[in-house]
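Asker: generate coordinates for the sequence data below:
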Amino acid sequence: MTNLSVRNFLAAAAAMACLSFAPYAHSAVPAANLPDFTDLVDKVGPAVVNIRTTTTLAPSSSGQRSAPPGMGDGDMSEFFRRFFGIPLPQTPRGGDQGDRGDRGDRGGSPDQSDNNDEEKSAGVGSGFIVSADGYVMTNAHVVDDADNIYVTLTDKREFKAKLIGVDDRTDIAVVKIDATNLPTVTIGDSNKVRVGEWVVAIGSPFGLDNTVTAGIVSAKGRETGDYLPFIQTDAAVNPGNSGGPLINMQGEVIGINSQIYSRTGGFMGIAFAIPIDEAMRVADQLETTGKVVRGRIAVSIGEVTKDVAESLGLPRAQGALVSSVEAGGPADKAGLQPGDIILKFNGAAVETDTDLPRMVGDTKPGSRATVTYWRKGQSHDVPITVVQTQPEKTAKADAQQSPAPKPRPSNSLGVTVSDLPASQLKSLKLRTGGVQVEAVDGPAARVGLQKGDIILRVGDTDISSAKQFEQLTAHLDPHKMVAVLVRRGENTQFVPIKPRAQGK
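Answerer: Got it, this is the predicted structure:
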């Protein structure tokens, strides 16, 4: 009887266990719904290429030092330069490790000229074919300073490529190989990219051809100080992935893998890709003319901070602060002045100072645009003719010294000023005058004003003399920030200062 009870108990326990674990077994089923990238890779993979660059060296270069095996000096040097600002730690060359003998169509031996010059591996990167007749897109830094560019397809055919054009500002390059009926990628729309969607990166990290990694879009419009905003992703990207495609789940290229963030030299979960719509605009110009033509309005700009916006009566911090205007340029002819805040360009809102260069750069030179700017509490519209970007000019500092200042009492801003002579006003092209800072203390010193700075405006009032400046600062409210327009060298910006109470 005892044995029967035990049997009954065990049977009941087993039945309960099946019932108890059934829901958990059912909940595990959705794991089968994880994304499958195999069809996507089959579709896009054949159009992704390996790009290898070399430089030509004289025979006397034996005994040189190079990068670790499997990675060319150029690519690793570029990696360390772009992300750490330091040179590549060099290691002695141990045999022919940088360039292997298998050169595809070139017969399995390194190219050598009749005068015994030899090729040295300069870097390795990735790219993708955008047209069946052999146009390949990659990063500019992949092909920088290369004497020879070799493109290897997934079927192991290798071609010597011709450089069509490079645009360093966007880090885009186009090369051409002599081939036809090539597989191509499908170009997507980076404006439709959504944060959180799955993406795939294909490339040649550390020379490992056709490596596939996956992740999600971590952020859009990520500003890194470069000309374009980036797509941020956590798909593993390493040196050698540069120039390869970032692909969505429809098999469309939405970006070009370009940069990573790392404190160790390896992947840390943050990679950046150039949006494909911006890249294609550049590539189209490179294919057509070999160069990129951009518009300019000849101004230098800076950030509009929250304090500056509040002190100038702007509803929120937005726009681009005009810090300097090139004499005789489009902005100067249109009447823009240092201290103006550009809010719109051709009707499109300028949210941050990084938006304006892209808007102006994408405008065809010679066309007219409308600029909306903020000055002294009001917005204004002005037509402006966009011109073609020219090489940057180096401005010469004005060497003329102002006369010895007369001692003046410190004021609520903690700054002593002097009048500017007419000759200096003319040489600096100051339309509304200004006063020169001779000494600072208190509030002015805390915000970084320096001797030699020129104060052009306090709040909405243009400053024309030291006497006017003293009268104005004597009545400032110590409980409110005031925006002081300051010129230093060729740049002009608003500096928010909180005045101190008189007598302190």
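
Asker: now do the end-to-end distance for stretch 371-388.
Answerer: 17 Å (CA to CA, to the nearest Å).

Asker: report how many residues lie close to the nearest residue to Leu449 once chain neighbours are set aside.
Answerer: Leaving aside its chain neighbours, Leu449 sits nearest to Val440 (4.9 Å; criterion: CB to CB, 6 or more residues apart in numbering). Using the backbone N, CA and C atoms, a C-beta is placed for each residue, glycine as well. Residues contacting Val440 under the criterion other CB atoms under 10 Å number 21.

Asker: same check on Asp178?
Answerer: Neighbourhood size, Asp178 [other CB under 10 Å]: 10.

Asker: for this protein, give me the ranges with low pLDDT.
Answerer: 1-32, 57-118, 224-226, 263-266, 390-410, 502-504 (pLDDT under 70).

Asker: break the protein into its domains for me.
Answerer: 44-176, 189-289, 295-388, 415-497 (automatic domain parsing).

Asker: on that earlier part again, surely the residue nearest to Leu449 and Gln450 touch.
Answerer: Yes: with contacts defined as CB atoms under 8 Å, Val440 counts as touching Gln450 at a distance of 6.9 Å.

Asker: before we move on, the earlier item: now render the domains of the chain as TSV, adding distance to Phe37.
Answerer: Below are these laid out as TSV (distance: least, CB to CB, whole Å):
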stretch	distance to Phe37
domain 44-176	10
domain 189-289	6
domain 295-388	32
domain 415-497	49
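
Asker: show me what contacts the residue nearest to Leu449?
Answerer: Shown in contact with Val440 (CB atoms under 8 Å, 6 or more residues apart in numbering): Gly414, Val415, Thr416, Leu449, Gln450, Lys451.

Asker: and for the second one, the neighbour number?
Answerer: I take that to be Val415. 27.

Asker: for the nearest residue to it once chain neighbours are set aside, grab phi and psi.
Answerer: The shortest distance from Val415 to any non-neighbouring residue, by CB to CB, 6+ apart, is to Ala444 (4.1 Å). Taking degrees, to the nearest 10, you get phi -70, psi -40 for the backbone angles of Ala444.

Asker: relative to the whole chain's centre, how far out is stretch 284-293?
Answerer: Stretch 284-293 sits 20 Å away from the centroid of its parent chain (CA atoms, centre = their mean, to the nearest Å).

Asker: repeat that for stretch 293-312.
Answerer: The answer for stretch 293-312 is 17 Å, by CA atoms, centre = their mean.

Asker: likewise for stretch 199-214?
Answerer: Distance, centroid of stretch 199-214 to centroid of chain: 22 Å (CA atoms, centre = their mean).

Asker: end-to-end on it?
Answerer: With CA to CA as the measure, the ends of stretch 199-214 fall 6 Å from one another.

Asker: contact partners of it?
Answerer: Here stretch 199-214 makes contact (CB under 8 Å, 6+ apart) with 35, 37, 40-41, 44-45, 48, 50-51, 70-71, 124-126, 152, 154, 198, 215-217, 233, 235-249, 254, 257, 271.

Asker: same question for stretch 323-340.
Answerer: By CB under 8 Å, 6+ apart, stretch 323-340 touches 296-302, 321-322, 342, 371, 373-375, 382-387, 429, 431-432, 456-457, 485, 487, 490-494.

Asker: equivalent analysis for stretch 375-390, please.
Answerer: Here stretch 375-390 makes contact (CB under 8 Å, 6+ apart) with 293-298, 312-313, 329-331, 333-337, 339-341, 343, 360-361, 363-374, 460.

Asker: sort out which residues of that stretch are buried, please.
Answerer: Arg375, Ile384, Val386, Thr389 (16 or more other CB atoms under 10 Å).

Asker: by neighbours, which of the contacts of Val440 wins?
Answerer: Val415 (27 neighbours).

Asker: correct me, but that one touches Gln436?
Answerer: No: if you go by CB under 8 Å, Val415 and Gln436 don't touch, sitting 10.3 Å apart.

Asker: tell me, what's touching those two both at once?
Answerer: The contact lists of Val415 and Gln436 share Ile455, where a contact means CB under 8 Å, 6+ apart.

Asker: what is the helix or strand hosting Pro496 packed up against?
Answerer: Secondary structure assignment for Pro496, by DSSP states H and E: strand 491-497. Judged by 3 or more CB pairs under 8 Å, 6 or more residues apart in numbering; DSSP states H and E, strand 491-497 is in contact with strand 299-303, helix 306-312, strand 320-325, strand 482-488.

Asker: which residues does the second one contact?
Answerer: I take that to be helix 306-312. 314-318, 321, 341, 374, 377, 459-460, 480-483, 494, 496.

Asker: what separation is there between Asp462 and Leu472?
Answerer: Separation of Asp462 from Leu472 (CB to CB, to the nearest Å): 10 Å.

Asker: shouldn't Val41 be within a helix?
Answerer: Yes: under DSSP: H, G, I helix; E, B strand; the rest coil, Val41 sits within a helix.

Asker: can you tell me the closest non-neighbouring residue to it?
Answerer: Counting by CB to CB, 6+ apart, Val41 lies nearest to Val212, which is 5.4 Å off, once chain neighbours are set aside.

Asker: does the one you found count as helix, strand or coil?
Answerer: strand.

Asker: now do the helices in the stretch 51-200 of the chain.
Answerer: 73-84, 140-143 (DSSP state H, counting those that start in this stretch).

Asker: who are the packing partners of the shortest one?
Answerer: To tie it back to what came earlier, the one meant is helix 140-143. Checking 3+ CB pairs under 8 Å, 6+ apart, helix 140-143 ends up next to strand 48-57, helix 73-84, strand 118-129, strand 158-167, strand 172-176.
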